[in-house]
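In: Sequence plus the predicted model coming up.
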Number of protein chains: 2
Amino acid sequence: MQPFFAKRFAQVEPSFIREILKVAMNPDVISFAGGLPNPAFFPHQELAQASASVLADTSNGALQYAASEGFAPLREFIAKRYWQQYGMTVSPDNILITNGSQQALDLLGKVLVDEGDKLIIEEPGYLGAIQALSVYQPIFQGVALKEEGLDLPALDSLLAEPDHAKLLYGVTNFQNPTGLSYSLENRQGVAERLIKNNVLMIEDNPYGELRFEGEHLPPIAKLAPENVVLLGSFSKVVAPSFRLGWMLMPDWLCQKVIIAKQASDLHTNGFVQQVLYSYLQAHDLDEHIEKIRTVYGRQKIAMEQALLKYCPSIEFTRPEGGMFLWLKLPAHIDAMALFDHAISEGMAFVPGQPFYIRPDILNTARLSYAGADEATIVEGIKRLGKVLQQLV
Amino acid sequence: MQPFFAKRFAQVEPSFIREILKVAMNPDVISFAGGLPNPAFFPHQELAQASASVLADTSNGALQYAASEGFAPLREFIAKRYWQQYGMTVSPDNILITNGSQQALDLLGKVLVDEGDKLIIEEPGYLGAIQALSVYQPIFQGVALKEEGLDLPALDSLLAEPDHAKLLYGVTNFQNPTGLSYSLENRQGVAERLIKNNVLMIEDNPYGELRFEGEHLPPIAKLAPENVVLLGSFSKVVAPSFRLGWMLMPDWLCQKVIIAKQASDLHTNGFVQQVLYSYLQAHDLDEHIEKIRTVYGRQKIAMEQALLKYCPSIEFTRPEGGMFLWLKLPAHIDAMALFDHAISEGMAFVPGQPFYIRPDILNTARLSYAGADEATIVEGIKRLGKVLQQLV
C-alpha cells in the first residue's frame, strides 16, 4: 500500500546516538559512549529473592491488571524518601509510577505541549528529552548550562519575550551530557523565575543519588512545588530493565497525566513494581547506592587523571556525581571526525553536536566513566590522546 | 501557578468505565463489569521458576537497558507461532514488543494520526482504543459490528467519501465489548476493501487464543499483510501485569514505529520479557491455554443459560470465545438507570452507551463471564433478572 504518516513523524529519523552505539559495540573498542549503568551492581540475587517472595503469594494481585497510578506502597516509599532526604512533604497521591522517566517526558508532552509552543531546554541538553518532546512539535529554545547551572540572564531574556515559553526542561544534578549540577543559588534563581513567570519546570533527576562529592542540594521542586514536575528513576540505582521511574506532580496536573498514562499503556508493569518494593523492604537502598557511588567516584578520578596526563589540550567538567564527563576539544577539532579516528584506534565516545539546538558547536564530546574499570579507563583515554596527537 | 494544558487534553475527562469499576469493587457486589482475566490461571509457580532461572544468569543482560524492538528470542517465538497457527510467514524484524497492546495503539496514533483525520471504528467499539487514539484527535466514524462482522455496505459508503479514512480499527475475534467475531467471508471482504482503498487496518486480537467453539480463522493480516498492523498480547493467556503485547507491522511502518517506541519509553521491561520467554520454553503454552478455554467456555454457557432462564426479555450475543457477552435490553430500558438498580441489588455490569460514537443507543450492556464461577454467574444473573422485573 501507499505509506502515510502523521505530520509529526514525517521528518523523524533514527537517533544519532543509536547509530554511534552500534559502532561502539565492537568488543575491541573501549567504549565510553554508552549511558549504561555498571552491571556489576545489579542486585541479581536480591531481586531473585524478591521475585520468589512476590510470586509465592497468590493473593497480592502481582500478576493481575493494576492501578494506572502505580503500586501504592512503592509510591509511599518514594514519598517518604523525599522527606528523609530533603525534608519535602510529599503525598503519594502526587506520585505516578512510569515506565522509566522517559515515559514521564512523553506523558508531559501529551498533556502540555501544543505544536509551536516554546520550550526552554539546557544547551547542551539530554537527547532523550529532546526526542520524547519533539513528537509534540514544540519550538526548542536553548539556555546555556554553565559551571554553576542555568545561564540566568539568558533565561531572563527568553522569559522577557511577549509570548514566552511555559515549559523548561533541565537535569539539575550531574546532567546528561555534561555532568554539571545547578548550585543552590542557581536553583533559587530558577525557582524565583518559574514562580514569577508562571513557568512549569520538568526537573529530571535520574542521577541525583549518585553523588560522590559534596552535599545533596534540594530539588527545585522543593523551592517551587507548584511549578515543578520532578522526575526520578530506579534505573541508575537498581536496574534499568525494570523500567521503573516516577513523576512527582503538583495537584493541578495529576488527573490529566494519569488519564494520559492510562491511554498510553493502562499501567506500569505491576509485577516488577511489587518485586522492587519487596527488594526495598528487605534491603537497605542507601547501602547499595553507597557501593555504586564509591566505584563511580574512583572511576571518575581515574578518567580525570588520565585526561590530564594523556590529553592536556582538552578541557573537561569535574562532576561531583553521576556517570558523565564533558570534553571541550581544541577549537579546530570536529568531534565527528575525531570519532572516526578514535574508533579505528579502538576507543569510542559520543560527539557533542547532537546535544545542541544550535548547530555550530562541533568540538565537544560526552564520556561515561560508569561502565569501565580504572585500568580500562586509563587505556581508553591513552588511545584518545594518541588520536588527538595525530590530529593536532 | 496558573494551570495550562495542550489543546488535545483540555477536554479530556476520566474514563467512565474506571468510575463504574470503582463502584463495582464492593465485595458484596457480583461484578461482571471488569475485563479482568481469571487469576486462577495465572502461572505463579512456573513464573517463579522462570524468574529464578533468568536472574541466576548474570550474563544475559536481563537487568540492563535493552533493545527498543524487544527481546529477540521472544520476537522469534511470536513469529513462529503465526506460522504454526495460521501458516503466516512472519519475520521477527516486523514484530515490536510493546507494554501491552494498549501501547501499540498509542504508538500508531503518534505515527499515523493527524488532528482531523478520519478513523473508522467498530460500533460498539473498544473503549481503550477510543481513549488511546483520541489523544491524536481524529474524527471517529462508526461502522456497525454485526453477527458476521463489519457491516460492509456501511464501510463502503464511508470509503466512498472523497477524503475517506486511511485507518480502520477492529477486534476480529470475540470483540470487546460484544463478543462477536468476523466470519471468514467478512474478513475477505474487509481485506479486499483495505487493498482497494489504500486503508491500513489496526487488527486487535487480544482474545483470539481463547476460542472454545469452532475453528480458528485467519487474521485479516494474513489476507492483506501490507495493509494490516496485527496486535497481540500475553495479558489474557499468561499475565496482564507483565504488560507484554506486540505488534506485527508491514515493512513500511517499522522504522518510524520503533522510533516512536524509543521516544515513548526507550524499551519494554527487559526482565519480564526474558522471564516470559523462559516460561514459554519450559512449558507448553497451548496446554495452559486449553485450561483457560475450558473454564471460560463453561462459564459462558452458564451465563447464557441463566440469561435464558432469568432474563427472558434480553437478547444477547453467543460468543465462540473470549470474555464478553453483549446484552440488548428491552428498548425502553436505559442501561445507566438499570446499573444503579443492579448495584443496589448486588450485581454489576457495564452500560453500553460509552462504546458507541453515536449517543442514542441506551439499551445495551457488557457482561464478562471470565472472572466468576458458574454458581456465582447464576446468582448474579438471577439478581439482574430481579432488577429487570422491577423495571418492566
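Out: Thanks, I have the structure now.
In: Let me know the distance separating A:Pro359 from A:Lys110.
Out: Using CB to CB, to the nearest Å, we find A:Pro359 at a distance of 28 Å from A:Lys110. All C-beta spots, glycine's among them, are computed from the backbone N, C-alpha and C.
In: Show the pLDDT at A:Asp360.
Out: For A:Asp360, the model assigns a pLDDT of 89.
In: So for A:Pro359 and A:Lys110, which sits in the more crowded spot?
Out: Legend: neighbour count by other CB atoms under 10 Å in any protein chain shown for A:Pro359 and A:Lys110, higher for A:Lys110 (28 against 8).
In: From what I see, the more buried one and B:Val12 are in contact.
Out: No: at 9.8 Å, A:Lys110 does not count as touching B:Val12 under the criterion of CB atoms under 8 Å.
In: overlap in contacts of the two?
Out: Common neighbours of A:Lys110 and B:Val12 are listed as A:Ala260 (criterion: CB atoms under 8 Å, 6 or more residues apart in numbering or on different chains).
In: and the least confident helix or strand in chain A by mean pLDDT, what other elements does it pack with?
Out: Lowest mean confidence among the helices and strands of chain A (mean pLDDT, DSSP states H and E): helix A:16-24, at a mean of 76. Packing partners of helix A:16-24 (3 or more CB pairs under 8 Å, 6 or more residues apart in numbering or on different chains; DSSP states H and E): helix A:335-344, strand A:347-348, strand A:350-351.
In: Relative to chain B, which of the ones you listed is closest?
Out: Nearest of the helices and strands packed on helix A:16-24 to chain B, taken as CB to the nearest CB: strand A:350-351 at 15.0 Å.
In: Go ahead and name everything in contact with the very next helix or strand once past the closest one.
Out: Counting by DSSP states H and E, the element after strand A:350-351 in chain order, helix or strand, is strand A:364-368. Residues from elsewhere that reach strand A:364-368, judged by CB under 8 Å, 6+ apart: A:32-36, A:124, A:176-178, A:303, A:323-329, A:335, A:338-339, A:349-353, A:355.
In: Within reach of chain B, which of the residues you listed are there?
Out: A:35-36 (CB under 8 Å from any CB of the partner chain).
In: so how many other residues sit close to A:Gln137?
Out: 15.
In: again, but for A:Leu223
Out: Neighbour count for A:Leu223, taken as other CB under 10 Å: 18.
In: list the contacts for it?
Out: A:187-188, A:191.
In: which residues in the stretch 201-350 of chain A form helices?
Out: A:220-223, A:251-265, A:270-282, A:285-310, A:335-344 (DSSP state H, counting those that start in this stretch).
In: Turn the ones you listed into CSV, columns for mean pLDDT.
Out: Shown next, in CSV, are these (pLDDT from 0 to 100):
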stretch, mean pLDDT
helix A:220-223, 98
helix A:251-265, 96
helix A:270-282, 98
helix A:285-310, 97
helix A:335-344, 94
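In: and those as TSV, adding distance to B:Asp106?
Out: Below are the helices of the stretch 201-350 of chain A laid out as TSV (distance: least, CB to CB, whole Å):
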stretch	distance to B:Asp106
helix A:220-223	27
helix A:251-265	5
helix A:270-282	19
helix A:285-310	32
helix A:335-344	34
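In: Relative to B:Asn99, which of those helices is closest?
Out: Of all those, it is helix A:251-265 that lies closest to B:Asn99, at 4.1 Å by CB to CB.
In: can I see the domain layout of chain A?
Out: Per automatic domain parsing, the structural domains of chain A span A:7-42+A:287-391, A:46-282.
In: okay, those domains, which one's buried deepest?
Out: Most buried of the domains of chain A, by mean neighbour count (mean count of other CB atoms under 10 Å in any protein chain shown): domain A:46-282, with a mean of 21.
In: Distance from that domain to the middle of the chain?
Out: Computed by CA atoms, centre = their mean, to the nearest Å, the separation of domain A:46-282 from the middle of its chain amounts to 9 Å.
In: That domain spans what distance, first to last residue?
Out: Length of domain A:46-282, first residue to last, CA to CA, to the nearest Å: 9 Å.
In: now do stretch A:365-373
Out: 20 Å.
In: how far does that stretch sit from the chain's center?
Out: Distance, stretch centre to chain centre, for stretch A:365-373: 15 Å (CA atoms, centre = their mean).
In: Quickly note the distance from A:Glu76 to chain B.
Out: Distance check for A:Glu76 against chain B: by CB to the nearest CB, to the nearest Å, it reads 19 Å.
In: do A:Lys110 as well
Out: 6 Å.
In: which SSE is that residue in?
Out: Per DSSP H and E, A:Lys110 falls inside helix A:100-112.
In: do A:Glu122 as well
Out: Per DSSP H and E: strand A:118-123 holds A:Glu122.
In: Dump that strand to CSV, keeping only the CA atoms.
Out: Taking C-alpha atoms only, strand A:118-123 is exported to CSV below (Å, rounded to 0.1, in the frame of the first residue of the first chain):
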residue,chain,number,x,y,z
LYS,A,118,8.1,27.4,23.0
LEU,A,119,10.0,25.0,25.3
ILE,A,120,13.3,26.0,27.0
ILE,A,121,15.9,23.3,27.4
GLU,A,122,19.5,23.3,28.6
GLU,A,123,22.2,23.5,26.0
